[in-house]
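[1] next come a sequence and a model predicted from it.
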Amino acid sequence: MDWETLLKENYLRILENIQRACEKSGRKFEEIKILGASKKQTSEKIKIAFKLGIKLFGENYVQEAEKKIFELKDFPIEWHFIGRLQTNKVKKALNLFSMIQTLDRINLAQEIQKQAEKKNLIVPVLVEVNIGKEPTKGGVYPEKLEDFIGEVKNFNRIKIKGLMCLPPYEEDPEKVRPYFMKMQKIFEKIKTYMNSEFKELSMGTSNDYTIAIEEGATIIRIGEALFGKRS
Ligand SMILES: *Cc1c(COP(=O)(O)O)cnc(C)c1O
């Protein structure tokens with residue numbers, strides 16, 4: 001089967017699943033943004049997904065993204081960074097991405113602030129939460145989150161737009177639900193004292209996005225369920 005047909009089938013299936021999850025949880029379809037998690041997928045497939053209606057894509061590696069963003073420069077795509085960001089890549093990342101979804105360290109915030117000042121930019125970010133407290137993963141531990149956000153608020157070039165997480169992988173997505181529920185609770189609490197720009201909750205991947213929607217996600221990040229296996 002050709003990529004057009006395959007991606008279209010995948011996309012329609014995803015839309016149906018989103019619709020069903022929204023009905024089940026009393027949410028509106030328009031509240032959910034699909035982010036195509038396009039690491040290790042070709043520009044050609046991203047282009048097909050864009051033409052199907054996905055306008056937002058996320059990349060994990062600055063160098064890989066740079067090449068693809070250049071190849072796709074004629075398409076009005078919104079690009080978010082969703083990988084682990086090294087401080088020495090911040091300068092380049094700010095040229096490429098309209099949002100950094102993975103802010104999780106003060107030294108990273110400092111570097112974003114520094115580079116944003118030079119470029120006269122305001123940088124929208126999500127704070128990544130290590131909701132499963134996995135030592136191998138990035139993200140701020142839940143109990144440190146409010147202090148961290150308090151510190152980041154001092155950086156006037158950084159706008160905190162919400163939270164992001166990548167919970168532990170479980171074959172049975174129902175086992176991920178408690179992590180999403182916990183995220184939603186933390187999100188709602190922090191929202192009470194942030195301004196109205198704090199509104200995004202980025203969670204859910206191919207395996208568990210319907211559960212994430214039921215538990216309050218506003219951005220779902222879908223890779224293989226949309227594009228097929230990564231090469
Ligand atoms: C790769 C990736 C995804 C998408 O994962 P799939 O299982 O392919 O849907 C989502 N979020 C992040 C941070 C990723 O690195």
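    The structure has been received and is ready for your questions.
[2] all strands for the chain, in order.
    Using DSSP state E, the strands of the chain run over 33-37, 56-59, 78-81, 99-103, 123-129, 158-165, 200-202, 219-222.
[3] quick one: residues in contact with the fourth one.
    Which is strand 99-103. Applying CB atoms under 8 Å, 6 or more residues apart in numbering, the external contacts of strand 99-103 come out as 58, 80-85, 93, 109, 112, 123-128, 138-139, 152, 158, 160-161, 164, 202. (C-beta placed from N, C-alpha, C; glycine too.)
[4] what do you get for the fifth one?
    With CB under 8 Å, 6+ apart as the contact definition, strand 123-129 has outside contacts at 94, 98-104, 112, 116, 138-142, 145, 148-149, 152, 157-166, 183, 186, 200, 202.
[5] let's see that with 6 Å instead.
    The contact list for strand 123-129, computed with CB atoms under 6 Å, 6 or more residues apart in numbering, reads 99-104, 112, 116, 138-140, 145, 157-165, 202.
[6] mind checking the pLDDT average for that strand?
    Strand 123-129 shows a mean pLDDT of 98.
[7] got it, and the last one?
    The average pLDDT for strand 219-222 rounds to 98.
[8] what's it packed up against?
    strand 33-37 (3 or more CB pairs under 6 Å, 6 or more residues apart in numbering; DSSP states H and E).
[9] buried ones in the strand it packs on?
    For strand 33-37, the neighbour count (16 or more other CB atoms under 10 Å) marks 33-37 as buried.
[10] can you check stretch 8-24 too?
    10-11, 14, 18, 21-22.
[11] give the contact list for the residue of the chain found nearest the ligand.
    Per CB to the nearest ligand atom, G223 is where the chain lies closest to the ligand, at 2.3 Å. Contact analysis of G223 by CB under 6 Å, 6+ apart lists 37, 206.
[12] from A49, how far off is it?
    11 Å (CB to CB, to the nearest Å).
[13] same thing with E23?
    As for E23, its distance to A49 is 25 Å (criterion: CB to CB).
[14] over to N17?
    Counting by CB to CB, the gap from N17 to A49 is 16 Å.
[15] helices of the protein, residue ranges please.
    Counting by DSSP state H, the segments of the chain that form helices are 3-25, 43-52, 62-71, 90-96, 106-119, 145-152, 177-191, 209-214, 224-227.
[16] give me every residue in this structure lying close to the ligand.
    Residues of the chain lying near the ligand by CB under 6 Å from any ligand atom: 37, 39, 60, 82, 166, 205-207, 221-225.
[17] which one of the residues you listed sits in the busiest neighbourhood?
    Per-residue neighbour counts (other CB atoms under 10 Å) across the residues of the chain next to the ligand peak at I82, which has 28 neighbours.
[18] which residues does the closest residue to it other than its chain neighbours contact?
    Counting by CB to CB, 6 or more residues apart in numbering, the nearest residue to I82 once its immediate chain neighbours are dropped is G58, at 3.8 Å. G58 sits next to 35, 37, 80, 82, 221 when contact means CB under 6 Å, 6+ apart.
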